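Q: model the structure of this input:
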Amino acid sequence: MPEDPDFRSLFDATLSPLLVLTPDFTIVEVNRAYLTATRTERSIVGRPIFDVFPDNPEDPSADGVANLRRSLATVVESRRTDTMALQRYDIPTGEEGTFAERYWSPVNTPVLDADGQLTYIIHRVEDVTEFVHLRKVGREQQRAVADAQMRAEGMEIDLFVRAREIREVNEQLSRANAELDAAGRRLREEQRAKDRFIATLSHELRNPLAAATAATELLALDMPRGHPALAVLERQLGTLTRMSNDLLDGTRAVTGRLELVRDPVDLRSVVDGACADIRGLFGHEGRTLGVVLPDRPVIVDGDRLRLAQVLTNLLSNALKYTRPGGHTEVGLSAEDGRARLTVRDDGIGFEPAQAEELFGVFMRAAPAGPDTPEGLGLGLAVARTVVELHEGRISAHSDGPGKGASFTVLLPTTDATGPRQPRPSAVRPAASRLAILIVEDNADLAETYRTLLERQGHRVTAVHTGHDALAATEREPFDVVLCDLGLPDIDGYAVARAVRARPDGDRPRLIAVSGFSQGTDRALSRAAGFDAHLAKPLPLTDLLELLERLGEG
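A: Residues are numbered from 1 along each chain as shown. Coordinates of the predicted model:
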């Protein structure tokens, strides 16, 4: 059996100048070729490389130390070989303060252990000083040219190696780009699926909301003197309707993209309504809710439903974090052109430094646990979004855990003398009697619409499929066709196109009524031949105003 090779002797006999460094750039080994090339001795072992080879102080442009340090640092950070460009790095001659001009072609290679940790750096150099000088002064003799050619060939080999490394890196980049493209496609598919889900969910919610809204308006007609429950139903259905609209853009509530419907609003009525809706919940387990309102109106230019949502979220927050027997108080005042709405409770409180964090998405005053109140931690984030859309500010304060909390909303007031009066729910009789066809697959909604319109003196027929609608319009003429777009057999677009294609197809006024009411949906309904596009749930006053205009036309 041959003996194991003497690697130290092999290293020392290697023709290429080699230096072995620790990761902190201390010399731990050197071969004879390196000592010869740099005119040094083995005494350099154990010393930092930049102490042994400093820059030439006589050369103000010397950058050998900086360039070598940068390359070695790159190897330490990346654990990959770094090949330096042709480098001038003068070496000491041995005489005090004198240096010899030298040019080198350096390569720094990492040595990794079994765990992939960097143990050493091999610093290999080739002295190309003669090559550089020959390039400057020309070919002085044939032997020098042959020697330079050999060196050039060696450099070509280095270039070949570098090209192969670059090719490997490019292949890795191509694979990474392909993976990124695939990930991007998956994200886009997931986004489209989410959008389809939200749009479908919103549409499915709008049908029962529309039926409930129409039924509430029918009750209002049957009870001309009104009833407190009707007011509650109208407020809550309005809120549910707005929330279903928000599903079409699921992140608007926490990204500041909510749309406001502004009107001069007396905040006293907002506080009255929100507190009336939630007061029953405070009655459980001995909790109490107090309200202090000013005698004079506090008018702001705002969205009534959104402002009520702010107060409801603050009250829900107080309810969750107030112990049994606790008290919450709502206060409203106005001064210096600003309305101040405050909600104070004597609940669990929070650390003062936590005040700003409470308005973040999914943030809660108490950590998750078995005794933590239910909720996603979105209420305060939504409240801040709505307040800031009203050019206002919202803040939180607590003296510490167990010392209660207060939330303050500041909103600019307006000079308007009072809010505009809402349109009455009761409607006046129709000016002209119309023949109306309702095409709606939701039986409750179709029947309620028919009852409401018959109460206004119109002659109404209701069908539940697209084919029944086409058959009905063939049997008798109609002045108006109210057609849902999402029918069980053929969609409303097909119904409109078929009606318009008939010889007398321009007679009926076609009105699309749908839960899908984005810009593209309206463009599609116009292209199919509809005269108008109304969104569910449809308030009776809006529908009757449109019918009145059609009757006059």
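Q: helices and strands of this protein: which one bottoms out on pLDDT?
A: Counting by mean pLDDT, DSSP states H and E, the chain has its least confident helix or strand at helix 252-255, which shows a mean of 49.
Q: what's the next secondary structure element after that helix?
A: Of the helices and strands lying after helix 252-255 in sequence (DSSP states H and E), the nearest is strand 263-266.
Q: can you list contacts of whatever helix or strand comes next after that next one?
A: Downstream of strand 263-266, the first helix or strand assigned by DSSP H and E is helix 267-282. Contacts of helix 267-282 with the rest of the structure, by C-beta atoms under 8 Å, 6 or more residues apart in numbering, involve 232, 235-236, 288-289, 291, 293-294, 297-300, 304, 307-308, 311-312, 315-316, 319, 328, 330, 332, 339, 341, 411, 419. Yep, even glycine has a C-beta here, placed from its N, CA and C like the rest.
Q: ok, now with 7 Å
A: Defining contact as C-beta atoms under 7 Å, 6 or more residues apart in numbering, one finds that helix 267-282 is touched by 232, 235, 288-289, 291, 293, 297-298, 300, 304, 307-308, 311-312, 315, 319, 328, 330, 332, 339, 341.
Q: filter those residues down to the ones in strands?
A: Thr288, Leu289, Val291, Val300, Thr328, Val330, Leu332, Ala339, Leu341 (DSSP state E).
Q: next up, the contacts around the fourth one.
A: Spelled out, it's Val300. Val265, Leu267, Ala339, Leu411, Pro412, Thr413, Thr414.
Q: if we use 8 Å, what do you get?
A: By C-beta under 8 Å, 6+ apart, the neighbours of Val300 are Pro264, Val265, Leu267, Leu307, Ala339, His390, Leu411, Pro412, Thr413, Thr414.
Q: isn't the fifth one right up against Pro297?
A: No: applying C-beta atoms under 8 Å as the test, Ala339 and Pro297 come out as separate, 10.4 Å apart.
Q: between these two, which one's more packed in?
A: Ala339 (24 against 17; other C-beta atoms under 10 Å).
Q: against His390, how distant is that one?
A: The gap separating Ala339 from His390 is 10 Å, by C-beta to C-beta, to the nearest Å.
Q: give me the common contacts of those two.
A: Between them, Ala339 and His390 share the contacting residues Val300, Leu411, Pro412, judged by C-beta under 8 Å, 6+ apart.
Q: may I have the distance across stretch 106-123, first residue to last?
A: 7 Å (C-alpha to C-alpha, to the nearest Å).
Q: any low-confidence regions in the stretch 301-450 of the chain?
A: 361-378, 416-431 (pLDDT under 70).
Q: for it, what spans make up the strands?
A: Per DSSP state E, counting those that start in this stretch, the stretch 301-450 of the chain carries strands over the ranges 327-335, 338-345, 393-397, 405-412, 435-439.
Q: let me know the angle separating the longest one from strand 405-412.
A: For strand 327-335 against strand 405-412, the angle between stretch directions is 20 degrees (axes from the mean of the first three to the mean of the last three C-alpha atoms, to 10 degrees).
Q: chain center to strand 327-335, what's the gap?
A: 35 Å (C-alpha atoms, centre = their mean, to the nearest Å).
Q: and the contacts of Val300, which of them are buried?
A: Buried members of these, scored by 16 or more other C-beta atoms under 10 Å, are Pro264, Val265, Leu267, Leu307, Ala339, His390, Leu411, Thr413, Thr414.
Q: between the shared contacts of Ala339 and His390, which is closest to Arg188?
A: Leu411 (40.1 Å; C-beta to C-beta).
Q: how about the closest one, nearest residue that isn't a chain neighbour?
A: Closest residue to Leu411 apart from its sequence neighbours, by C-beta to C-beta, 6 or more residues apart in numbering: Gly392 at 4.0 Å.
Q: measure that neighbour to Leu267 for me?
A: For Gly392, the distance to Leu267 - C-beta to C-beta - is 11 Å.
Q: residues shared between the contacts of those two?
A: Going by C-beta under 8 Å, 6+ apart, residues that sit against Gly392 and also against Leu267 are Leu411.
Q: quick one, helices of the stretch 351-500 of the chain?
A: Listed in chain order, the helices of the stretch 351-500 of the chain (DSSP state H, counting those that start in this stretch) span 379-389, 443-455, 466-475, 492-500.
Q: got the angle for the longest one vs strand 435-439?
A: Right, the one you point to is helix 443-455. 170 degrees.
Q: give the buried residues for helix 443-455.
A: Leu445, Ala446, Glu447, Thr448, Tyr449, Arg450, Leu452, Leu453, Arg455.
Q: again, but for the last one
A: Along helix 492-500, the positions that meet the burial threshold by neighbour count (16+ other C-beta under 10 Å) are Gly492, Tyr493, Ala494, Val495, Ala496, Ala498, Val499.
Q: how near is the nearest residue to the first one once chain neighbours are set aside to Asp444?
A: Going back to what we said before, that points to Gly492. Take Gly492 and drop its neighbours on the chain: the residue closest to it by C-beta to C-beta, 6+ apart is Leu485, 3.8 Å away. Relative to Asp444, Leu485 is positioned 18 Å away (C-beta to C-beta).
Q: same question, Asp345
A: In terms of C-beta to C-beta, Asp345 sits 41 Å off from Asp444.
Q: also Gly347?
A: Taken as C-beta to C-beta, the span from Gly347 to Asp444 is 42 Å.
Q: shaky segments in the stretch 451-553 of the chain?
A: In the stretch 451-553 of the chain, residues with pLDDT under 70: 516-519, 550-553.
Q: which residues of it fall in strands?
A: Under DSSP E, counting those that start in this stretch, the stretch 451-553 of the chain gives strands at 459-463, 480-484, 509-514, 532-535.
Q: re the thing from before, just name the closest of the shared contacts of Ala339 and His390 to Glu474, please.
A: Val300 (54.4 Å).
Q: do you know how far that closest one is from Asn313?
A: 17 Å.
Q: what's the burial count for Gln539?
A: Residue 539: Pro, not Gln. Neighbours around Pro539, by other C-beta under 10 Å: 18.
Q: ok so, going back, ok, which of the strands of the stretch 451-553 of the chain comes nearest Ala183?
A: Per C-beta to C-beta, nearest to Ala183 of those: strand 509-514, 35.5 Å.
Q: other SSEs contacting the closest one?
A: strand 480-484, helix 492-500, helix 519-528, strand 532-535 (3 or more C-beta pairs under 8 Å, 6 or more residues apart in numbering; DSSP states H and E).
Q: cutoff 6 Å now
A: The contact analysis (3 or more C-beta pairs under 6 Å, 6 or more residues apart in numbering; DSSP states H and E) places strand 509-514 against strand 480-484, strand 532-535.
Q: just give me how far the first one sits from the chain centre.
A: Relative to its chain's centre, strand 480-484 lies at 39 Å (C-alpha atoms, centre = their mean).
Q: stretch 442-458 now?
A: With C-alpha atoms, centre = their mean, you get 43 Å for stretch 442-458.
Q: swap in stretch 353-361?
A: For stretch 353-361, the distance to the chain centre is 19 Å (C-alpha atoms, centre = their mean).
Q: just the buried positions in it, please.
A: Leu358, Phe359.
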